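> Fold the following for me, if possible:
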Amino acid sequence: MDKTAQAESRRLFHASRRTANWMAIGLTGGGVALVLAIFGTLYTEAGAQVPPPVQRPLGTLKNVPVPGPSEQELAVFVRDRSAAVQLGKALFWDTRVGSDNRTACASCHFHAGADNRTTNQINPGLLAGDHAFQTGGTTAGPNYTLRAGDFPLTKHSNIDDSTTIYADNNDVISSQGVFTAKFDRVTVNANADDCTNLSDAVMHGGSGFNINGVNTRRVEPRNTPSVINAVFNFRNFWDGRGNNVFNGGDPFGLRNSQPLVWKFENGVLRNVTVALPSSSLASQASGPPLSGNEMSCQGRAFLHLGQKLLKEKVLAEQTISPRDSVLGSFAQRPPTYASLVMKAFRPEYWVSPVIINLPGGHRLNFKPMDLLKQRRGDDINFGPLKENLIASQMESNFALFFGIAIQMYESTLISDDSPFDRFAAGDRTALDAQQIRGLKLFQEQGRCISCHSGPELTGAAFSNVSNQRVERMVMSDGAPAIYDTGFYNIGVRPTQEDVGLGGTDAFGNPLSETRMLALGKSALLGNSFGEGSVQNFPAGQRIVADGAFKTPGLRNVEFTGPYFHNGGKATLMQVVDFYNRGSDFGNANRDNFDFSVAPIGLTQGQKEDLVAFLLSLSDDRVRMSKAPFDHPSLCVPNGHLGGTNAVAQKGRTGMAIDVMQCLPETSAAGAKEGLHTFLGLSPFAH
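Numbers count the residues shown, from 1 in each chain. Model (predicted):
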C-alpha cells in the first residue's frame with residue numbers, strides 16, 4: 001500500500017470497528033481478503049466485493065448455551081452430575097486444598113469471583129525482572145496497604161492525553177498466595193502439609209517477599225480475574241494457558257502427550273490419555289493447587305493432595321449454611337471427599353484394589369503452571385520423588401476428579417440477570433436514560449464492542465472463538481497481521497514487561513494458537529482447530545501475540561476492581577480515561593498494538609454515561625451473594641501483623657503472622673450486606 005492507501009485503511013478500520021469485526025476468508029490461490037463492513041459498503045484490499053462479516057451484537061446472556069463437553073463426553077467420567085457439582089463447590093471453598101490449610105481457590109475469588117483485599121497485594125513486577133516495590137512511594141514494599149492515591153499506577157497530567165505521563169511504576173496489584181516453602185510430605189488428619197520453609201530473599205536473588213528476612217506471602221504476577229461467567233471463555237488465564245481440552249492432570253491439554261490418568265478395565269489398571277473437549281475451566285482448575293506461588297509448597301503433586309483430603313469430611317474446618325443452595329444437606333452430616341468422588345465419578349477411575357508404587361527418582365508427568373521459577377536456574381516443582389510413593393487409584397486420579405468437579409461447579413456461576421440483560425430481553429424500563437446513552441457510546445463512538453462483543457461481552461467467548469480461532473487486522477503501519485481471536489495488546493503496559501500470550505508453555509511451545517498453527521502444530525490445539533477456511537493464510541504471515549491478553553467479560557465489573565491484567569486502575573472511570581486517551585503505552589507497543597484502541601474524544605458527561613452503563617451489568621444475586629453465588633464461611637489472609645518496615649513472625653519459622661479476614665457463610669437467600677467496590681471508591685472517580 002502507498003501512504004494514501006494506508007491512511008484510508010486506518011480511517012476505514014476505526015469507522016468499521018464501531019459496528020463490525022474483521023474477518024479472514026480463505027481465497028483460491030492462497031490469498032486472503034480483509035473484509036470490512038461499513039454502513040453497508042464492503043471493502044477489501046483488492047477492492048473486490050465479498051460477503052459481509054458475521055457480527056456479534058450485544059444481547060442477554062440468558063439465550064447463550066453454556067459451553068462444555070457433551071453429555072456423552074462427560075458421561076465417560078461422571079455418573080452423577082449433582083454430586084460432581086457438590087464436590088466441586090466443596091473443593092473450591094475448602095482452605096485445606098492449600099498446603100498451609102489457609103488457602104482455598106476461593107481465597108482469590110471470593111468477591112464477585114475476584115479479589116478485593118488491600119494489604120500485601122503488590123507484586124513488584126517480577127515478570128519484568130523488577131524486584132523493587134514502588135507503589136506507596138517511601139512506604140513501598142510487602143505488607144503495604146493500598147490507598148486510593150496509589151491509583152492509577154500510571155498517572156497523567158492530562159488524563160485524556162497518553163503523552164503526559166508524570167508518574168509510573170510496573171508493580172502489579174494482584175492476590176497474595178503462599179509462603180516460599182518446599183513440600184516434604186503429607187501429614188495425617190488433614191493437617192497442613194509438612195514443608196521446609198525457604199528464605200524468599202535467598203530464593204529470589206536477595207530481594208522478594210520478605211521484610212528483614214521474615215517471609216511474607218508471595219503475590220501473583222497478574223491480577224485475579226473473576227470466575228463468574230468464566231465458563232463462557234474458550235481458554236482461561238490471562239494468557240490462555242488454561243487449554244480448551246482437559247488432559248486430566250494439568251492446564252496444558254494435548255500439549256502434554258503423557259498419559260496422566262489411571263483406568264481400571266477388565267481387571268487391569270492402565271495409564272491412559274484423556275482429552276475432554278470444551279473444558280478450559282477444568283484445565284485452569286488443575287494449575288493453582290500445585291503452584292508454589294498460589295496455593296502449594298513447591299513440589300507437591302495432586303496425588304499428595306488426594307492423600308491429604310480423601311478420607312476427610314468436606315469443609316470440616318468451615319461452616320455450611322443448612323440453606324446453602326448446593327451444600328445445605330452437608331451442614332449437619334458432611335460426607336468424606338472419598339464418598340463424594342465415588343458417588344460423582346464412574347468406578348473405573350477409582351475402584352481398583354491395585355496399589356500404585358512409584359519408585360524414588362520417578363518423575364511425575366504433570367507440568368507446573370507457574371510463570372516464575374522459584375530458584376534461579378532450578379525449577380524444583382515436580383522434581384524426582386525422593387523416596388518410594390505408594391498411592392491408590394483414587395489418590396492418583398485426584399487431579400481428574402478435582403478439575404472436572406471444579407468445572408461443573410463453576411459452570412453454575414452464571415450471572416445473566418443484570419438490568420442490561422433484562423433490557424436486552426425486551427424490558428425497556430430496565431435501563432435509565434443515562435445508561436441507554438452509555439450503551440450507545442459503548443457500541444458506537446467508544447468502540448468498546450470491538451473487543452467486548454456478543455452477549456458474553458468478550459471476543460474470547462467460546463461461541464466466537466470456536467467459530468474462528470485466528471483473525472486478521474491491519475496494524476498501525478497499514479500492513480495486515482494475524483492474531484488469536486479474543487487476545488489483544490491494548491497498551492496497558494510496555495510489551496516487554498509481560499509478553500502474555502507471547503510466552504511459552506511448559507514444553508517450550510508458544511501459548512499463541514496462531515504461532516502453533518504457523519509451526520504446523522494445530523493438532524495439539526483440539527476442538528476441531530483448523531477445519532474452517534478462516535485458518536487459511538499465507539506462510540510467513542505476520543503474527544501479533546506479544547503483550548496480548550484475553551479480553552475479559554464485563555458483567556459485575558462494579559465489584560471486580562482493580563482492573564486490567566496488572567490491576568493498575570482502581571475505578572471504572574479510570575478505565576474509561578485509559579480508553580479515551582487511546583491507551584497508556586500504545587506507541588511503545590506499536591508492533592503488536594491493537595489498532596482499534598485510539599483516542600475517542602469523550603466529554604466528561606459522556607464518560608459518566610459510559611460508566612453508568614457498565615454499572616447496569618451488575619447482577620443483584622452477585623451483589624448479595626444469593627444462589628448460585630452463596631458460599632460456606634471463609635477466612636482469608638489479608639496481610640501480616642506489623643507494617644512495611646517490620647512484621648511479627650511465628651516463633652522462629654521465618655514466616656510472618658497472618659492477619660485474617662473472615663466472611664460468614666451465606667444461604668441461598670444471600671447475605672445481609674452487599675458487595676462493594678474496590679477500596680470503597682466511587683466508580684465515577686478519576
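
> quick one: low-confidence parts of this structure?
1-55, 203-207, 372-383, 530-538 (pLDDT under 70).

> Which residue lies nearest the spatial centre of it?
The geometric centre of the chain, computed from its C-alpha atoms, lies nearest to residue 237 (CA atoms, centre = their mean), at 3.3 Å.

> Please name the nearest non-neighbouring residue to that one.
Counting by CB to CB, 6 or more residues apart in numbering, residue 237 lies nearest to residue 284, which is 6.1 Å off, once chain neighbours are set aside. No exception for glycine: its C-beta is placed from N, CA and C like everyone else's.

> neighbours around the one you found, how many?
26 (other CB atoms under 10 Å).

> Report the backbone C-alpha coordinates of whichever strand or helix holds it in CSV.
Taking DSSP states H and E as the definition, residue 284 sits inside helix 280-285. Extracted in CSV, the C-alpha atoms of helix 280-285 (Å, rounded to 0.1, in the frame of the first residue of the first chain):
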residue,chain,number,x,y,z
SER,A,280,-10.9,-24.9,29.8
LEU,A,281,-12.3,-24.5,33.4
ALA,A,282,-11.0,-27.9,34.3
SER,A,283,-7.6,-27.2,32.8
GLN,A,284,-7.5,-23.9,34.7
ALA,A,285,-8.5,-25.5,38.0
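
> For that helix, enumerate the helices and strands it packs against.
On a contact count with 3 or more CB pairs under 8 Å, 6 or more residues apart in numbering; DSSP states H and E, helix 280-285 meets helix 398-410.

> Which elements pack onto the helix it packs on?
For helix 398-410, the packing partners by 3+ CB pairs under 8 Å, 6+ apart are helix 81-93, helix 280-285, helix 302-309, helix 337-344.

> so how far is that helix from its chain's centroid?
Distance, stretch centre to chain centre, for helix 398-410: 16 Å (CA atoms, centre = their mean, to the nearest Å).

> what angle sits between it and helix 302-309?
Counting by axes from the mean of the first three to the mean of the last three CA atoms, to 10 degrees, helix 398-410 lies at 70 degrees to helix 302-309.

> Spell out, range by range, the strands that occur in the stretch 301-450 of the chain.
356-358, 389-391 (DSSP state E, counting those that start in this stretch).

> Make a markdown table out of the ones you listed and add mean neighbour count and distance to residue 514.
Converted to a markdown table, the strands of the stretch 301-450 of the chain look like this (neighbours: other CB atoms under 10 Å; distance: least, CB to CB, whole Å):
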| stretch | mean neighbour count | distance to residue 514 |
| --- | --- | --- |
| strand 356-358 | 15 | 38 |
| strand 389-391 | 16 | 40 |
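
> Rebuild those as a markdown table, extending it with distance to residue 246.
A markdown table is the format used below for those (distance: least, CB to CB, whole Å):
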| stretch | distance to residue 246 |
| --- | --- |
| strand 356-358 | 21 |
| strand 389-391 | 21 |
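
> Select, out of those strands, the one closest to residue 152.
strand 389-391 (48.6 Å; CB to CB).

> So which other helices or strands are in contact with the closest one?
helix 302-309, strand 356-358.

> And for it, what's in contact with it?
Contacts to strand 389-391, defined as CB atoms under 8 Å, 6 or more residues apart in numbering, come from residues 303, 306-307, 355-358, 362.

> what about 7 Å?
303, 307, 355-358 (CB atoms under 7 Å, 6 or more residues apart in numbering).

> just curious, which of those is nearest to residue 453?
For those, the nearest to residue 453 is residue 303 (41.9 Å; CB to CB).

> Make sure that closest one is actually in contact with residue 397.
No - the pair residue 303 and residue 397 fails to qualify as a contact (CB atoms under 7 Å) at a distance of 8.3 Å.

> ok, these two, which is more surrounded?
residue 397 (28 against 23).

> what's near enough to touch the more buried one?
By CB under 7 Å, 6+ apart, residue 397 lies in contact with 261-262, 349-350.

> Ok, residue 602 next?
residue 580.

> Now for the residue nearest to residue 642 when sequence neighbours are not counted: which residues touch it?
In this structure, residue 642 finds its nearest non-sequential neighbour in residue 648, 5.3 Å apart by CB to CB, 6+ apart. Residues in contact with residue 648 (CB under 7 Å, 6+ apart) are 641-642, 656-657.

> Considering these, which possesses the most neighbours?
residue 656 (27 neighbours).

> What number of residues are in the vicinity of residue 354?
The number of residues near residue 354, taken as other CB under 10 Å, comes to 12.

> That one - nearest residue in space that isn't next to it in sequence?
That would be residue 269: by CB to CB, 6+ apart, it lies 4.7 Å from residue 354.

> Which secondary structure state is assigned to that neighbour?
The assignment at residue 269 comes out as strand when based on DSSP: H, G, I helix; E, B strand; the rest coil.

> Among the helices and strands packed on helix 398-410, which comes closest to residue 487?
helix 280-285 (13.6 Å).

> For the closest one, buried residues please.
280-285 (16 or more other CB atoms under 10 Å).

> For it, give me every contacting residue.
230-231, 233-237, 242-244, 246, 251, 253, 276, 402-404, 406-407, 410-411.

> list the contacts for the residue nearest to residue 354?
Residue 269 touches 262, 352, 354, 393, counting by CB under 7 Å, 6+ apart.

> Could you check how far it is from residue 79?
19 Å (CB to CB, to the nearest Å).

> residues contacting the residue lying closest to residue 322 once chain neighbours are set aside?
Distances taken as CB to CB, 6+ apart place residue 331 nearest to residue 322, at 4.1 Å, with adjacent residues excluded. Contacts for residue 331 (CB under 7 Å, 6+ apart) come out as 320-322, 324.

> Number of residues surrounding the residue nearest to residue 523 when sequence neighbours are not counted?
Spatial nearest neighbour of residue 523, excluding adjacent residues (CB to CB, 6+ apart): residue 254 at 7.5 Å. Around residue 254 sit 18 other residues, with neighbours defined as other CB under 10 Å.

> With the one 3 residues further on instead?
Residue 257 has 12 neighbouring residues, counting by other CB under 10 Å.
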